[in-house]
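**Student:** Below: sequence and its predicted model.
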Amino acid sequence: MIEAKALTKHYGEKVAVDQLSFTVRPGVVTGFLGPNGSGKSTTMRMIMGLDAPTTGDVTVKGLHYRDLPWPLHEVGALLEAKAIHPGRSARAHLQMLAESSHIPRSRIDEVLDLVGLTAVAGQRAGKFSLGMGQRLGIAAALLGDPEVLLFDEPVNGLDPDGIRWVRNLLKGLAREGRTVFVSSHLMSEMALTADEIIIIGRGRLISQIPIDELLAQSSQRFIRVRSPEIAKLKSALETKGATTVVEEDGSLSVRGVDEVAIGELAASIPVVLHELAPQSASLEEAFMELTEDSVEYHGAPTATKIASTDGAA
Amino acid sequence: MSVAMADPRITAVVFAAARHQRGGRFIGLFLILVIAAVVVVLVIQRHKDRKPIDDTQRMPHQPDAPREQAVAAQSATLAEAREQRGGAVAVPAAPRPPKAMPSGRYGLSGVLKSEWTKLRSVRSTMWTLAITVVLGIGVSALVTWQTRAHWATTTAFNRATFDPAGTSLVGLFIGQFAIGVLGALVLSAEYGTGTIRATFAAAPRRPMMLVAKAAVFAVVALVVAEVVAFVAFFLGQALLSAPATHATLSTPGALRQVIGSGLYVAILGLFALGLATIIRHTAGAICAYLGVLLMLPIIIAFLPSSVQIDVRRFLPDRIGAVMISSTSGPHLFSPWIGMLLLCGYAAAALVVGGVLLVRRDA
């Protein structure tokens, strides 16, 4: 259980996090979604007690992080990939964390095995790829078998297999009744992993809703229709109450009726159909819609989408 | 060689050999060779560190499901997402039963162990300590050997004021730089690499971490510095065969000189650790440390001599020069008063660093 109350962080003039309040429940994966620079990492650092809030408060299991009697037994975190001394071996990195928290050595082997780094445990972390660094970070987070887990962009730098592995891991941890809080700037990733989503933009809370509701809300189904007699079809559809738009490529986008109704209507006129294709709006578009006004760093107009979906936040 | 630059009186005693023309040239050459060798070794190590390992031997736990499913995530649409979530039911899992945890609270003993593991698991520790040992003993031996070799041509005054113990310990004045680099690195490297966040995640009470770090480093630095001091002393005295005068540990002041110079080096290391806690950057901390040891004496040498006399005794390098010599100079603190002052500097740097550590974001 993580609770933020009016959490605010200023860096000089800049407001990184602004009056942010939310609750992260145990037993589900809670996604933390926002464009780059929206304050996700800052919020996570404040949960961990690394950055002090300017005003407001955040607690884990009802306590400030620094007051937890055994922090690693209660909270595990992956805050950034490769925040590891490049000259230190993976095993030594885990060992120094385990020692301060009285975690037995056998647990180090367990987590190394779990993330698949056993074979390279003795090698210096500086030689690791970004993906291996992420795996070591995840191993460190799981070391104390904690009930609360924070992951900041855990799939960054992972290959598709690794992404799948992390996704299943997060779901599995939540199924065991743990609190799992995971940030991402990728809506598509969140849609597959999270049960509930906290969306922020420019440090402010935009929405905290279950993912299914979000998916239903932003659902924008339409049907693409091609026909040599498009004008005839268009007027017939409009009399049936459908909304239609003629696209630049000559196709017709139809909303308000389903593909069955369009097909039957076309047959009854009759009009020849060349294409009848249901389309779904992408999740990225849904996310863009939600955060449209709160993207911190806009690219050039054509690159807006890239700017808001690439790189670390 | 800050000592040589700043105070001719003590130089006369300690650096008798180094001042000799032919010996000086030889020693200069030797020092350049040693430093070049150290730089070459460090560059090679650095280069080795950067070579990536091949990624073939990874992930025994790879999931065996087809890649396509994972790739699909990149371009997921609403329908696909729904499908993959399998109907999507966000019913929270039952809460976990409270897990068994160690009793009490994490404490200093664990954090000390952790700091010890950190210190010995990186190679910069081994390198800086090896350089301390090699330079500390090597330079001391070289200087004493050259002093003996040129004994016949040494003036009567220089023979009379010759300080055999002090001469055999001059290498520690070089070793102090390597120890200082290690002192700075044990903290600044954590900030440089981001390890500090993992450290604070495990032990969020920051002053405890600093105490543990300083304690572990102090013990290691003191042991190494004392070993260097004793080895340099015995080696030096063995090299000073008759007719040159030599000392034993029972010579008045000699034991103090040996133990004191090791202590001086270890405390300077703690001072460097304190500076690093304040500055948090490796380069900045090492520059500040070198500035105090090398630049400050030069700056003070330009002040009017009446001011110089008042101020100079407070400099760490003067305190060290007194500690290493059998005789103290005028206008200088006595060895142990100076040492107390040096401890004060290190403590002040660590306390200021500790306060900043708590107040600043990690």
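**Tutor:** That came through fine.
**Student:** now check the lengthiest helix in chain B, is it near chain A?
**Tutor:** Longest helix in chain B by number of residues (criterion: DSSP state H): helix B:206-239. No: on the criterion CB under 8 Å from any CB of the partner chain, helix B:206-239 is out of touch with chain A, staying 8.6 Å away. Every C-beta, even on glycine, is put in place using the N, C-alpha and C of the backbone.
**Student:** Which secondary structure elements does that helix sit against?
**Tutor:** helix B:108-120, helix B:123-149, helix B:164-167, helix B:172-193, helix B:195-202, helix B:254-279, helix B:335-359 (3 or more CB pairs under 8 Å, 6 or more residues apart in numbering or on different chains; DSSP states H and E).
**Student:** Which among these is found nearest to A:Thr244?
**Tutor:** helix B:195-202 (54.9 Å; CB to CB).
**Student:** Now do the closest one: distance to the chain's middle.
**Tutor:** Relative to its chain's centre, helix B:195-202 lies at 22 Å (CA atoms, centre = their mean, to the nearest Å).
**Student:** who touches that helix?
**Tutor:** Under the criterion CB atoms under 8 Å, 6 or more residues apart in numbering or on different chains, residues A:45, A:48-50, A:71-72, A:75, A:77, A:79-80, A:83-85, A:88, A:93, A:97, A:100-101, A:140, B:106, B:114, B:118, B:189-190, B:206, B:209, B:362 lie in contact with helix B:195-202.
**Student:** Identify, out of the helices and strands packed on helix B:206-239, the most deeply packed stretch.
**Tutor:** helix B:164-167 (a mean of 27; mean count of other CB atoms under 10 Å in any protein chain shown).
**Student:** could I get that helix in PDB with only the CA atoms?
**Tutor:** Below are the C-alpha coordinates for helix B:164-167, written out as PDB (Å, rounded to 0.1, in the frame of the first residue of the first chain):
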ATOM      1  CA  PRO B 164      67.400   9.000   9.800                       C
ATOM      2  CA  ALA B 165      63.900   8.100  10.800                       C
ATOM      3  CA  GLY B 166      62.300  11.100   9.100                       C
ATOM      4  CA  THR B 167      64.300  10.500   5.900                       C
END
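**Student:** How about the contacts made by A:Gln279?
**Tutor:** Taking CB under 8 Å, 6+ apart as the test, what A:Gln279 contacts is A:221-224, A:253.
**Student:** tell me which residues of stretch A:169-179 are tucked away?
**Tutor:** The neighbour-count check on stretch A:169-179 (16 or more other CB atoms under 10 Å in any protein chain shown) flags A:169-171, A:173-174, A:176-179 as buried.
**Student:** Okay, now the unreliable bits of the stretch 251-362 of chain B?
**Tutor:** Across the stretch 251-362 of chain B, nothing is flagged by pLDDT under 70.
**Student:** Kindly recompute the last result at 90.
**Tutor:** Along the stretch 251-362 of chain B, the model assigns pLDDT under 90 to residues B:252, B:305-306, B:309-310, B:326-331, B:362.
**Student:** Then the stretch 1-150 of chain B?
**Tutor:** In the stretch 1-150 of chain B, residues with pLDDT under 90: B:1-104.
**Student:** ok, B:Thr144 touching B:Leu240?
**Tutor:** Yes: with contact defined as CB atoms under 8 Å, B:Thr144 and B:Leu240 form a contacting pair (5.8 Å).
**Student:** Need the residues touching each of these two.
**Tutor:** B:164, B:167-168.
**Student:** Closest one to A:Thr243 out of the residues you listed, please.
**Tutor:** B:Ser168 (95.6 Å).
**Student:** give the contact list for the closest residue to the closest one other than its chain neighbours.
**Tutor:** Of all residues not flanking B:Ser168 in the chain, B:Gly236 sits nearest, at 2.4 Å (CB to CB, 6 or more residues apart in numbering or on different chains). By CB under 8 Å, 6+ apart, the contact list for B:Gly236 reads B:140-141, B:143-144, B:164-165, B:167-169.
**Student:** ok, now B:Ala362?
**Tutor:** A:45, A:50-51, B:196-197, B:200.
**Student:** Out of these, which is nearest to B:Arg312?
**Tutor:** Set against B:Arg312, the nearest of the contacts of B:Ala362 by CB to CB is B:Ile196 (37.3 Å).
**Student:** Spell out the secondary structure type for A:Ile198.
**Tutor:** The three-state label given to A:Ile198 by DSSP: H, G, I helix; E, B strand; the rest coil is strand.
**Student:** Report pLDDT for it.
**Tutor:** A:Ile198 is assigned 94 on the pLDDT scale.
**Student:** Just give the number of residues close to it.
**Tutor:** A:Ile198: 25 surrounding residues under other CB atoms under 10 Å in any protein chain shown.
**Student:** Return the set of residues that bridge with the most centrally placed residue in chain A.
**Tutor:** For chain A, the residue nearest the mean C-alpha position is A:Ser184 (3.2 Å; CA atoms, centre = their mean). Beta bridges link A:Ser184 to A:Leu33, judged by DSSP bridges.
**Student:** which among the contacts of B:Gly236 gets closest to chain A?
**Tutor:** Using CB to the nearest CB, B:Ser140 comes nearest to chain A of the contacts of B:Gly236, at 29.8 Å.
**Student:** So the closest residue to chain A within the stretch 201-350 of chain B, which state does it fall into?
**Tutor:** For the stretch 201-350 of chain B, the residue closest to chain A is B:Pro204, as judged by CB to the nearest CB, at 4.0 Å. B:Pro204 carries the three-state label coil when classified by three-state DSSP.
**Student:** which ones are touching the residue nearest to the centre of chain A?
**Tutor:** Contacts of A:Ser184 by CB under 8 Å, 6+ apart are A:31-33, A:153, A:155, A:190.
**Student:** Out of these, which comes closest to B:Val311?
**Tutor:** Looking across these and measuring by CB to CB, the closest to B:Val311 is A:Glu153, at 53.4 Å.
**Student:** count of neighbours near the closest one?
**Tutor:** 24.
**Student:** From chain B, how far off is it?
**Tutor:** For A:Glu153, the distance to chain B (CB to the nearest CB, to the nearest Å) stands at 14 Å.
**Student:** now the helices: where do they sit in the stretch 201-313 of chain A?
**Tutor:** All helices of the stretch 201-313 of chain A, identified by DSSP state H, counting those that start in this stretch, fall at A:211-217, A:230-239, A:259-268, A:283-291, A:304-309.
**Student:** now the third one against helix A:230-239, angle please.
**Tutor:** For the pair helix A:259-268 and helix A:230-239, the angle between their directions (axes from the mean of the first three to the mean of the last three CA atoms, to 10 degrees) equals 120 degrees.
**Student:** Assign a three-state SS to A:Val58, would you?
**Tutor:** Assigned with three-state DSSP, A:Val58 falls in the strand class.
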